[in-house]
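[1] Fold the following, please.
(3 chains)
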Amino acid sequence: MDAGLFTANNVWMMLATALVFFMHTGFAFLEIGLTRQKNTINILFKNIFIITGGLLLYYAWGFNMMYPGFEEGSSGIFGFAGFGIAAPENGMTPEYADGGYTWWTDFLFQGMFAATAATIVSGAVAERIKIGAFMIFTVIYVGLVYPIVGAWKWGGGFLDSWGFYDFAGSTLVHSVGGWAALVAIFLLGSRIGKFDENGKPKAIPGHNIPLATAGVLILWLGWFGFNGGSVLSADPELTSLVLVTTSLAAAAGGFGAFILSTILYKNLDLTMFLNGILGGLVGITAGADLMSPNEAIMIGFLAGLIIVLGVALVDKLKLDDPVGAVAVHLICGIWGTLAVGIFGAKAGGEQFMTQLYGVLIVGVFCVVCSFAILGTLKAVMGLRVSKEEEIEGLDIHEHGMDAYPDFIND
Amino acid sequence: MDAGLFTANNVWMMLATALVFFMHTGFAFLEIGLTRQKNTINILFKNIFIITGGLLLYYAWGFNMMYPGFEEGSSGIFGFAGFGIAAPENGMTPEYADGGYTWWTDFLFQGMFAATAATIVSGAVAERIKIGAFMIFTVIYVGLVYPIVGAWKWGGGFLDSWGFYDFAGSTLVHSVGGWAALVAIFLLGSRIGKFDENGKPKAIPGHNIPLATAGVLILWLGWFGFNGGSVLSADPELTSLVLVTTSLAAAAGGFGAFILSTILYKNLDLTMFLNGILGGLVGITAGADLMSPNEAIMIGFLAGLIIVLGVALVDKLKLDDPVGAVAVHLICGIWGTLAVGIFGAKAGGEQFMTQLYGVLIVGVFCVVCSFAILGTLKAVMGLRVSKEEEIEGLDIHEHGMDAYPDFIND
Amino acid sequence: MDAGLFTANNVWMMLATALVFFMHTGFAFLEIGLTRQKNTINILFKNIFIITGGLLLYYAWGFNMMYPGFEEGSSGIFGFAGFGIAAPENGMTPEYADGGYTWWTDFLFQGMFAATAATIVSGAVAERIKIGAFMIFTVIYVGLVYPIVGAWKWGGGFLDSWGFYDFAGSTLVHSVGGWAALVAIFLLGSRIGKFDENGKPKAIPGHNIPLATAGVLILWLGWFGFNGGSVLSADPELTSLVLVTTSLAAAAGGFGAFILSTILYKNLDLTMFLNGILGGLVGITAGADLMSPNEAIMIGFLAGLIIVLGVALVDKLKLDDPVGAVAVHLICGIWGTLAVGIFGAKAGGEQFMTQLYGVLIVGVFCVVCSFAILGTLKAVMGLRVSKEEEIEGLDIHEHGMDAYPDFIND
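    This is a model prediction of the structure:
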């Protein structure tokens, strides 16, 4: 390949990697912004643990479980290419990204994705999970569950053979995290004070809305790399279309949630607006390369409506999800995956059914794994901090420090 | 064109787009940082509305009003290429950026610019405008006024034919926003407590200076894309010169404001330092591609001096501009546009007069439109929140929530 | 050279420049986050002064002192190519980056590095230094000391002739800043309350840990440009390897510090985790292009252990370093430089000794210069603010404003 083109491709992929890495700052801001100041250090610690630990695990074996090089005739369910990431002799990626970038870029881009699934869970379980239990869960979920599911599609496994489509991970990243979040909040129970004696939900307001807002904007920015990099080259036509569909879906998602929540609740709810943007982004992720701008706006707008209803549904089920992770990542992840069968270049009944099967199979596997891991942890060490610790805050109890000591009177 | 070169150009333009998008985080941080915590949610809501709504409007018709493809013999005042952004058959941009990037990149880069004008207004009217009125104003101003003015120069209209020069928008973006900001604060009146009974201005300190500072640094970073992307290709010599002139003007602008404000007020005023940086950035924007580094430093330094005097002038006029938007965007926007006739490759009396005419024509049009829109809104629904709401804060009244509930005792 | 390849190289270098610029936001967040709110404005003012002043100084003469074009037979200790940065006739960089990027890109990339050394000092001396003295020190240190040392290696001087290796500046940037930080905190003395009457250190908690955490993540992101850009082209194989070694060292550094601090102090210490990441980044910087991923993990992990011990050592020596700058930048800078002789492509006894000589020569020069500058300032105008000012906070005394006025009851 032409050296200029190859270099330009690789530059794009490296910068997409940087943008996906920046998403972790966005997640951190969003999660602490939407929770209480007394648990801020704890959330940040979890997030930093995920980023560093996730990358090391993915280096040690995750990458080779996710891209195992399934052989002809394999069932395409599980494979493993060995420990570490020794580059092939020519230093290039395998054939799935021929000419797009180098082996090292490939590892780092995929590695930045890997930590995302666990970060999604982190927000849902905030303010009450034992950090030791969460760290063990993260290691197993990021280290094993995420790459196994990823291999089914992106590693060339059986979902790929079936024709299942998931461009940048509505299912493979967002739902994988979302299912675990759902199981976790079911097993954990709600925070003290989230539901009153009659089971009516009460808002527990987040302590730093500017950071939450910045978090969403940083996530949107990061999605330039998340979706744009998933082209696996800098192909001008396709990468730029993906950026357009991604941004229009985000904008439409925000608008959908803004309009519906204003109608339903007679309130200009910033948090809903923000979650609508995220819903639009998750929703477009499975088919960002297949949609026209108009279709992207449709998918995003519907995702925004779904967010408002999804958040209400989670409340109805007496589940406590402080950041709305289930509505954003699980429900909109499912929506985006199914939308590939409804809109765009691949729309059709057969594709829709394949998408549905993919959603169900991944869902069953993730739910079973999450129950196995978290259920075991609950039985062995307990998942939840003591009542006293929850009321006083995890920061002082688990970390011996405050996030904003100059502003707290105690 | 060579595939490698075209791909590299398009990568640059896509990342410039990402950087301009990131400026909205910078604007949000700056605006909330320089105002009071009780109006934070309201400001963030306005900003998120602008970003999402602006992009959707620009998609629906703004782009095609701004780049209407004026025909031979047209007066070059108004044109419209139709709704939506159907790409031309070859997927390429029109001839004005031949080989620089794709049609999709073009739309998204320009779309990110569009929202900027309204965001400038948002800061000036903060803490007292009715959000409904502001949203209606935004839709009309971003949806109609901004693209019509843009078409006069960037769309190949009559200002372009005259030889008016505005590289990246000192006039077309910053002054367009700045004129509306000026009209808006005139119609709105000052915040309660801004001027004492003798008409003497009193500082109303911003509530989060770290975020304001980060906002300015993020804006500077975003200007790498704002000016660097305005080359409309990755031409190595020109893009890198533009980054150098932009950064040196920013640094010199900060220094100019720092020195003059220290002399005048005997105080090391961080806010002036920051606004000086922004003034330098706005000032260099019209001619960033025409100036030598020394000339960029001159333009930036003078912009820094202008900021200090401009802020004082706005106070003198009994206008209340919480973030200094008029001094930064309007006055330095005018300065930068005129500087094209004074410094650099195009300097000369004729060019200076053309620049001046452009400034005046755009100014008259924007002032008239702003008066028409905002005056009508004032008559019909009122622009300003009630006195009670202003004192208690817009967050609780319009949004039912606090930005930092764990830190507020009420 | 092929236009596509040259353009892609230059795009990479411009964006690396943008990322290094963004590091200044990271430094600002980290420094204010780890100190008290009453000194926030002061720290931000210092940082903004460094960025703007540093760039202007580097333009005026620093660049030409650092890249003087030593002539054949020169001692390679000092040279100067004249004031300003007039580009050579062909607009290209000198031979050391042939084909990598343009002259303008070269200046701006190096200019963004220049300010870093002074920023490192800023954190260490926070909360007690007179701002006037600090500004004078910065001008001399960034304007003279940094470029002279830089010329010894990167400008082709005598350290380069000896075979000393420092890829992206473990010594030339981080230790240069770290030595000055060490001298400065020795001359300044500790903050009131840092050591009790028995000399036992007491933690003075930072006031905004979310911003400190974001600062570290932004610094990590910036290191994509700091190290990735130090390849001086977009060479796909080498740049992507550098990003992998950099990120794995960061992750391993965090883990090393997390594990050791948890064992030693029985506490999940977020600050140590964060400083471990920075230690890993500084540690890999000298040899990021020479190491395998496994070696990068080793270097980073050991840097993480060193951080924990280094912070304890600084306390033991009764030195007061609010942000851990000496442990991070000086000690890990030395470690990273020596590691080039222990691990990777250049490992060997002779290289190790050359690295050691380089560390020592730079250390002696920086310590002597720092003592001369800061000692003179101490004698002439005093380095330290009054006791009253230190207790009440520098913000009110030097800047007449609060960082968070809505949250402070006074």
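
[2] show me what contacts residue A:300?
    Residues near residue A:300 by CB atoms under 8 Å, 6 or more residues apart in numbering or on different chains: A:248-253, A:256, A:279-281, A:283-284. Heads up, the C-betas are built off the backbone N, CA and C, glycines and all.

[3] possible to save these as TSV with neighbour count?
    Compiled in TSV, the contacts of residue A:300 are given as follows (neighbours: other CB atoms under 10 Å in any protein chain shown):
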residue	neighbour count
A:248	31
A:249	36
A:250	31
A:251	31
A:252	29
A:253	36
A:256	29
A:279	38
A:280	38
A:281	30
A:283	37
A:284	35
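
[4] Between which two of the residues you listed is the distance greatest?
    A:248 and A:279 (13.7 Å; CB to CB).

[5] Let me know the pLDDT of residue A:214.
    pLDDT for residue A:214: 98.

[6] What's the separation between it and residue B:376?
    34 Å (CB to CB, to the nearest Å).

[7] ok, these two, which is more surrounded?
    Taking neighbours as other CB atoms under 10 Å in any protein chain shown, residue A:214 and residue B:376 compare with residue A:214 leading, 27 against 14.

[8] Check which element follows the strand or helix carrying the more buried one along the chain.
    Assigned by DSSP states H and E, residue A:214 belongs to helix A:209-228. Where DSSP H and E defines the elements, the next helix or strand beyond helix A:209-228 is helix A:236-265.

[9] Tell me the buried residues in that next one?
    For helix A:236-265, a neighbour-count test (16 or more other CB atoms under 10 Å in any protein chain shown) marks A:236-261 as buried.

[10] Up against chain B, what does the stretch 1-150 of chain A have?
    Counting by CB under 8 Å from any CB of the partner chain, the positions of the stretch 1-150 of chain A adjacent to chain B are A:2-9, A:11-12, A:15, A:19, A:36-38.

[11] go again using 7 Å as the cut-off
    Those residues of the stretch 1-150 of chain A that sit near chain B, judged by CB under 7 Å from any CB of the partner chain, are A:2, A:4-5, A:8-9, A:11-12, A:15, A:36-37.

[12] what's the most distant pair in the residues you listed?
    A:2 and A:36 (54.8 Å).

[13] For the residue of chain A found nearest chain C, list the residues it contacts.
    Taking CB to the nearest CB, chain C has its nearest neighbour within chain A at residue A:4, 2.5 Å off. With contacts defined as CB atoms under 7 Å, 6 or more residues apart in numbering or on different chains, the neighbours of residue A:4 are B:2, B:4-5, B:8, C:2, C:4-5, C:8.

[14] got the buried residues for the helix or strand hosting it?
    In this structure, residue A:4 sits in helix A:3-33 according to DSSP H and E. Neighbour-count burial for helix A:3-33 flags A:4-33 (criterion: 16+ other CB under 10 Å).

[15] and residue A:2 and residue A:36? which has more neighbours close in?
    Taking neighbours as other CB under 10 Å, residue A:2 and residue A:36 compare with residue A:36 leading, 22 against 16.

[16] pretty sure the more buried one contacts residue B:406?
    Yes: at 5.8 Å, residue A:36 counts as touching residue B:406 under the criterion of CB atoms under 7 Å.

[17] any residues in contact with both of those two?
    residue A:207.

[18] Just the mean pLDDT for stretch A:12-22, thanks.
    98.

[19] Which parts of the stretch 251-400 of chain A are helices?
    Using DSSP state H, counting those that start in this stretch, the helices of the stretch 251-400 of chain A run over A:270-285, A:293-316, A:325, A:332-339, A:349-380, A:387-392, A:394.

[20] Which among those is found nearest to residue C:206?
    helix A:394 (18.2 Å).

[21] Counting neighbours, show which residues of stretch A:58-68 come out buried.
    Residues of stretch A:58-68 classed as buried by neighbour count (16+ other CB under 10 Å): A:58-59, A:61-68.

[22] Not including adjacent chain positions, what is the nearest residue to residue A:140?
    Using CB to CB, 6 or more residues apart in numbering or on different chains and skipping the chain neighbours, the partner closest in space to residue A:140 is residue A:373 (5.3 Å).

[23] what does residue A:168 give?
    residue A:230 (3.7 Å).

[24] Tell me how far that neighbour lies from residue B:319.
    Residue A:230 is 49 Å from residue B:319, by CB to CB.

[25] can you check residue A:173 too?
    Noted for residue A:173: a distance of 50 Å to residue B:319, by CB to CB.
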